[in-house]
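In: My questions are about this predicted structure, shown below with the sequence.
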Amino acid sequence: MTHDDDRTGGTALSRCVACSAQTFADEHWGRAPRLTRAADLGSDFTDLLDAAAVDELVSERGLRTPFLRMAKEGTVLAPATFTRGGGAGAAIADQVADDKVLAAIADGSTLVLQGLHRTWPPLVDFGARLADELGHPIQINSYVTPPQNQGFAPHYDVHDVFVLQVSGRKHWTIHRPVVDDPLDNQPFDGFKAEIAERVKDEPLIDTVLEPGDALYLPRGTIHSAQALGETSIHLTIGVHPLTRYQLVRFLLDAVQDDPALRASLPMGTDLADPDVLAPHLAATVDALRSALGDVPGGRIAERVGTNLMQRTRPEAIGPLAQLAAIDALTADTPLRRRAALRVRLVPGDERLTMTLLDRTVDLPAATADAVKVVVSGQVFTPADLPGLDPDEQLTLSRRMLREGVLVPA
């Protein structure tokens, strides 16, 4: 599958919701669930995953934990119940055992294939494009549930979720959150009693997902699902949003340079006494308020960029294909930035520094205008690069292909 718009002729997000990106952002993102029927999406999801793909992943790809897990009636099974060593030349002990998976599914267990944005080519590509469009990191799992079974009890996730029903039917029940916008350190395990009470209320959505249907759930939305008369396969796309709380953490890191906020509290007093602590707390709040006003926005933006760079999986590239593209490059070869690749540019008087995940690329300052085209995300040819002569255009394009910044369009 290529980076070009998929068989629906639309974006990756349009595979998940039948509305414009702006409407989704304004009315649903982080706010409210959205149910979309197959008829409105215009395509099913079998190009992304199907039953044959599940069988191939389980029987031929040598998956290891944690790239899969299994659960039954809300309880996660021990890995030894569905894994074993791979035999001669592959004696790693936690590889998936297809016969054990068969027995577990036949016994009513749900199979969860995790990290498919790293292991299954159509979803590697789809995940990179969706992350590019959303601006937040994603992960993709698949849930394979036998008839009339429920893999997990009512719960919520600490990330947003798109559910894409691949095959079979599944009954979904959706309830309001008991924790709005939960963070990673606020999992549902600590709120089981509250969830048990909430599911007694009238659900927000009570429906059956058919093949090709899609569902969006903001983080914290309580949900449970049960397969009906046939084996159900659905994809769960988890979106891990950058939050305002993370901005707070970045801001606190930035104000550690202020000596007033590094000062030790006094000795010889009971600092656990609210009356003793009160003046020091007030002074700290005043110093914090003052220091926060001096934090440059660019410093926080740099931290945000680094965080997203570390958590976002860029589009996959083939090393041999890249080398072949370098050899075949001409002035008219269409190129584009690698999808979901995070790049930071630091200009200087004589040099331009390009920062990638684990390295920097040093370039002449004269390439600055051309590099802006390189990282824009738009399709271009070497001949389109401004400010460079033809040889320099080809030299920069080859360098960017070798560094994995560009790919053939």
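Out: Received the coordinates, thanks. Here the structure is a predicted model, which means the values were calculated and not measured.

In: what about the longest helix seen in the chain, distance to the chain center?
Out: Across the chain, the longest stretch assigned as helix under DSSP state H is helix 274-292. Here the centre of helix 274-292 is set off from its chain's centre by 38 Å, with C-alpha atoms, centre = their mean, to the nearest Å.

In: Stretch 147-158 too?
Out: Stretch 147-158 sits 21 Å away from the centroid of its parent chain (C-alpha atoms, centre = their mean).

In: Kindly report the same for stretch 195-213.
Out: 24 Å.

In: Numbering from 32 from now on, please.
Out: Taking 32 as the first residue, the last one we looked at is stretch 226-244.

In: buried ones in that stretch?
Out: Within stretch 226-244, the residues scored as buried using 16 or more other C-beta atoms under 10 Å are 226, 229-230, 234-235, 240-244. Bear in mind the C-beta positions are built from the backbone N, C-alpha and C, glycine included.

In: With stretch 80-99 instead?
Out: Across stretch 80-99, burial judged by 16+ other C-beta under 10 Å covers 80-81, 84-85, 88-89, 94, 98-99.

In: How about stretch 168-187?
Out: Across stretch 168-187, burial judged by 16+ other C-beta under 10 Å covers 168-177, 180-183, 185, 187.

In: would JSON lines of the buried residues of stretch 226-244 with pLDDT be doable?
Out: JSON lines is the format used below for the buried residues of stretch 226-244 (pLDDT from 0 to 100):
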{"residue": "I226", "pLDDT": "97"}
{"residue": "R229", "pLDDT": "97"}
{"residue": "V230", "pLDDT": "97"}
{"residue": "P234", "pLDDT": "97"}
{"residue": "L235", "pLDDT": "97"}
{"residue": "L240", "pLDDT": "97"}
{"residue": "E241", "pLDDT": "97"}
{"residue": "P242", "pLDDT": "98"}
{"residue": "G243", "pLDDT": "98"}
{"residue": "D244", "pLDDT": "98"}
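
In: can you tell me which of those are in strands?
Out: L240 (DSSP state E).

In: between the buried residues of stretch 226-244, which is closest to D156?
Out: Nearest to D156 out of these is G243 (C-beta to C-beta; 19.7 Å).

In: In contact with that closest one, which residues?
Out: Neighbouring residues of G243 by C-beta atoms under 8 Å, 6 or more residues apart in numbering: 68-70, 72, 74-76, 196.

In: what pLDDT does the residue nearest the centre of the chain get?
Out: With distances taken as C-alpha atoms, centre = their mean, I169 lies nearest the centre of the chain, 1.0 Å away. For I169, the pLDDT comes out at 97.

In: One more: L376?
Out: Per-residue confidence (pLDDT) for L376: 96.

In: Which residue ranges of the stretch 282-431 of the chain form strands?
Out: Taking DSSP state E, counting those that start in this stretch as the test, the strands found in the stretch 282-431 of the chain are 366-368, 375-378, 382-386, 391-395.

In: who wins for proximity to D289 among the ones you listed?
Out: Here strand 375-378 is closest among the strands of the stretch 282-431 of the chain (C-beta to C-beta), at 25.0 Å.

In: quick one on the thing from earlier: sitting in helices, which of the buried residues of stretch 168-187 do you find?
Out: Per DSSP H, the subset of those in helices is empty.

In: so which one among the residues you listed has the lowest pLDDT?
Out: For these, the weakest pLDDT value sits at G182, with 64.

In: Okay, now the sheet partners of the helix or strand bottoming out on mean pLDDT in the chain, with direction.
Out: When the helices and strands of the chain are scored by mean pLDDT, DSSP states H and E, strand 106-107 comes last with a mean of 90. Strand 106-107 has its sheet partners listed here by DSSP bridges as strand 99-103 (antiparallel).
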